[in-house]
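> next one to model:
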Amino acid sequence: MSFGFSVGDFVATIELANRIRKEFVGAPSQFNAVSDEVRSLAIVLLDVEVVLCDQELIDQQKVQLKEIATGCRNVLDELESTLDKYGELRPGPASLGARARRVWKRLKWEPEDIKELRCRIVSNITLLNSFQGMLASQVSIATKRGVDRLQERQENHERQQEHEIIIEWLTTVDYANHQSDLIRARQEGTGEWLLQSGEFRTWLKQEKKTLFCPGIPGAGKTVLTSIVIDNLEKMFERDNSIQIAYLFCNFRRQDEQKPEDLLASLLKQLVQGHTSTSKPLKSLYERHREKRTRPSFDEISQVLHTVTSGYARTFIIIDALDECQALKGSRQKFLTEIFNFQAKTGASLFMTSRFIPEIMKEFEGSLSLEIRASDRDVLEYVNGRMQLLLRSRISKYPDLQDTIRKEILKSVDGMYDSPVS
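Numbers count the residues shown, from 1 in each chain. The predicted model follows:
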């Protein structure tokens, strides 16, 4: 404590109360009441001391306690002095080492001055009890808040665990790993021509736009798709109201890329950043968990529309539509749903494909930009790999290096594909 009042002062007050209690041994009955009050005061003082050991007081409480404790000390000092009027302390038998005992005068009634002191003692007991009650209430409130926080953290943890279980139930396919591999393999500086193009900038600025990027096999469509995804993720990483989802279609994985699988992957990506599961998705999960069934295409579509309705903007990026399963109209079914999703939510679509007539027809009227390996991208890639060659004998022949670059540029003819893709 501060303000010129310490725990030691408080303990001294307790010791004084206990000492006075002992002096009442053998006192006339007229002193029974005040003896009981001093005993009660000593007990309350001890209770408050216990609370003080575990609780830090604020300045206002310290001032309040100092005033109460000072009042207790004053009344006890006065009581001790007053008792000398009604008895005197005499030493006990020296052989027994006994302490001094008070020899009391005979009285017929409680003295007025003792009665007045007793009232003051009762008043201080009341003040101490109120102060202790206030501290206990604060401890109770603090404890409740602590328990509430622990419970809230536990509930949040359980909701997060449930959320993770549900999104894994949607699909175990994870395109993020493939995206990371592509970006790691990217040669710094490549793909800038696409990001700086007028078509891409228009698509980026306006909602509900589709940018279709066809290209020949090996033109680098997948690499450029990963660059677009990376660009969008960096651009909107701090804006939770804007969501990005993407797919890399692959003819080798058609067994896990049926229309409902692709929709489920998009839905998973659009909700996985949440800390809890939306009610529609949770209901879908619980309905099928009990029956051990999988959700239908229409059910996934309905939830997808619902959960994205609260976003300011949604970007859907799909690479290699030509490798999407076409059997029994699967690709057409998926594309129809994506366009329907765009019409209702205003989503921005970016898609790549080879030059397949039936696919090209779907994007008539959309923004379009052919993907070809630019000379700049090829040179960036070659220069990046040239460092490995410079350790060999060609490092001595700059002209040979230039010849290598020129011949590679000639032979590429619009094709540039990363080994990862």
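
> can we go C-alpha only for contacts and neighbour counts from here?
Noted.

> which strands or helices does the helix or strand encompassing T82 pack on?
Assigned by DSSP states H and E, T82 belongs to helix 59-83. Applying 3 or more CA pairs under 8 Å, 6 or more residues apart in numbering; DSSP states H and E, one finds that helix 59-83 contacts helix 7-23, helix 112-170.

> mean pLDDT for the ones you listed: which is lowest?
Here the lowest mean pLDDT among these goes to helix 7-23, at a mean of 83.

> give me the pLDDT for the spatially most central residue of the chain.
Centroid check for the chain by CA atoms, centre = their mean gives T275 as the closest residue, at 8.1 Å. For T275, the pLDDT comes out at 71.

> how about P93?
58.

> now swap in the one 10 residues further on and tell me
We note a pLDDT of 71 for V103 in this prediction.

> which residues sit in contact with E80?
Counting by CA atoms under 8 Å, 6 or more residues apart in numbering, E80 touches I20.

> picking that back up, including mean neighbour count and distance to K291, could the helices and strands packed on helix 59-83 go into JSON lines?
JSON lines is the format used below for those (neighbours: other CA atoms under 10 Å; distance: least, CA to CA, whole Å):
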{"stretch": "helix 7-23", "mean neighbour count": "17", "distance to K291": "67"}
{"stretch": "helix 112-170", "mean neighbour count": "15", "distance to K291": "14"}
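
> mind putting those into TSV with distance to K85?
TSV is the format used below for the helices and strands packed on helix 59-83 (distance: least, CA to CA, whole Å):
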stretch	distance to K85
helix 7-23	13
helix 112-170	10
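
> the nearest residue to F131 once chain neighbours are set aside: neighbouring residues, count only.
Counting by CA to CA, 6 or more residues apart in numbering, the nearest residue to F131 once its immediate chain neighbours are dropped is L65, at 7.6 Å. Counted with other CA atoms under 10 Å, the neighbours of L65 add up to 21.

> cool, and the one 5 residues further on?
The local packing count at T70 equals 17, with neighbours defined by other CA under 10 Å.

> also P214?
Counted by other CA under 10 Å, the residues lying close to P214 total 25.

> need the contact list for it.
Listed by CA under 8 Å, 6+ apart, the contact set of P214 reads K221, T352, S353, R354, F355, S368, L369, E370, I371.

> L367 and K208 touch, don't they?
No: if you go by CA atoms under 8 Å, L367 and K208 don't touch, sitting 11.3 Å apart.

> per-residue confidence at G384?
Per-residue pLDDT puts G384 at 56.

> again, but for the one 5 residues further on
Turning to L389, the model gives it a pLDDT of 54.

> thinking L117 is in contact with D77, fair?
No: between L117 and D77 there is no contact, the gap being 10.4 Å when judged by CA under 8 Å.

> doesn't R159 make contact with the residue nearest to the centre of the chain?
Yes: counting by CA under 8 Å, T275 does reach R159; the two are 7.1 Å apart.

> returning to what we had before: higher neighbour count, L367 and K208?
A count of neighbours by other CA under 10 Å puts K208 above the other of L367 and K208, at 19 against 16.

> measure that one to G218 for me?
Between K208 and G218 the computed distance is 29 Å (CA to CA, to the nearest Å).

> in three-state terms, label A245 for me.
Using DSSP: H, G, I helix; E, B strand; the rest coil, the secondary structure recorded for A245 is strand.

> what's the closest non-adjacent residue to it?
The shortest distance from A245 to any residue other than its chain neighbours is 5.2 Å, reached at I316 (CA to CA, 6+ apart).

> list the contacts of the residue nearest to the centre of the chain.
N156, R159, Q160, H163.

> and if we set it to 6 Å?
Neighbouring residues of T275 by CA atoms under 6 Å, 6 or more residues apart in numbering: Q160.

> list the buried ones in stretch 269-288?
For stretch 269-288, the buried set under the neighbour-count rule, 16 or more other CA atoms under 10 Å, comprises Q269, L270, V271, S276, T277, L281, K282, L284, Y285.

> ranges for the strands of the chain?
Using DSSP state E, the strands assigned to the chain run over residues 87-90, 101-104, 210-214, 242-248, 313-319, 348-353, 367-368.

> adding distance to D9, write those strands out as a markdown table.
Listed next are those as a markdown table, based on distance: least, CA to CA, whole Å:
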| stretch | distance to D9 |
| --- | --- |
| strand 87-90 | 25 |
| strand 101-104 | 26 |
| strand 210-214 | 80 |
| strand 242-248 | 63 |
| strand 313-319 | 67 |
| strand 348-353 | 74 |
| strand 367-368 | 84 |
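
> these: which one's closest to V51?
Across the strands of the chain, V51 has its closest neighbour in strand 101-104 (33.5 Å, CA to CA).

> find the nearest non-adjacent residue to K282, please.
K282 sits nearest to I166 (CA to CA, 6+ apart), 7.4 Å away.

> residue ranges with poor pLDDT in the chain?
Residue ranges of the chain with pLDDT under 70: 1-7, 89-102, 106-109, 373-421.

> can you report phi and psi for the residue nearest to G310 when sequence neighbours are not counted?
Distances taken as CA to CA, 6+ apart put S241 closest to G310, at 7.8 Å, once the chain neighbours are dropped. The phi/psi pair for S241 (degrees, to the nearest 10) reads phi -80, psi -10.

> look at S241 and say how many residues are nearby.
The number of residues packed near S241 is 12, by other CA under 10 Å.

> okay, it and S265: tell me how far apart.
Noted for S241: a distance of 19 Å to S265, by CA to CA.

> looking at the strands of the chain, which is nearest to T306?
If we rank these by CA to CA, the stretch that ends up nearest is strand 313-319, at 12.7 Å.

> quick one on the thing from earlier: and the residue nearest to G310, how far is that from D148?
Relative to D148, and taking CA to CA, S241 is found at 29 Å.

> now swap in D322 and tell me
Distance, D322 to D148, using CA to CA: 54 Å.

> can you check D77 too?
In terms of CA to CA, D77 sits 46 Å off from D148.

> just R253 next, same as before
Relative to D148, and taking CA to CA, R253 is found at 48 Å.

> now do R252
R252 is 51 Å from D148, where distance means CA to CA.

> ok, K234 next?
Taken as CA to CA, the span from K234 to D148 is 37 Å.

> count of neighbours near E358?
10.

> residues touching it, list them.
By CA under 6 Å, 6+ apart, no residues touch E358.

> and the one 10 residues further on, by the same measure?
Listed by CA under 6 Å, 6+ apart, the contact set of S368 reads L211, F212, C213.

> distance check, the first one against L195.
Here L211 is placed at a distance of 12 Å from L195 (CA to CA).
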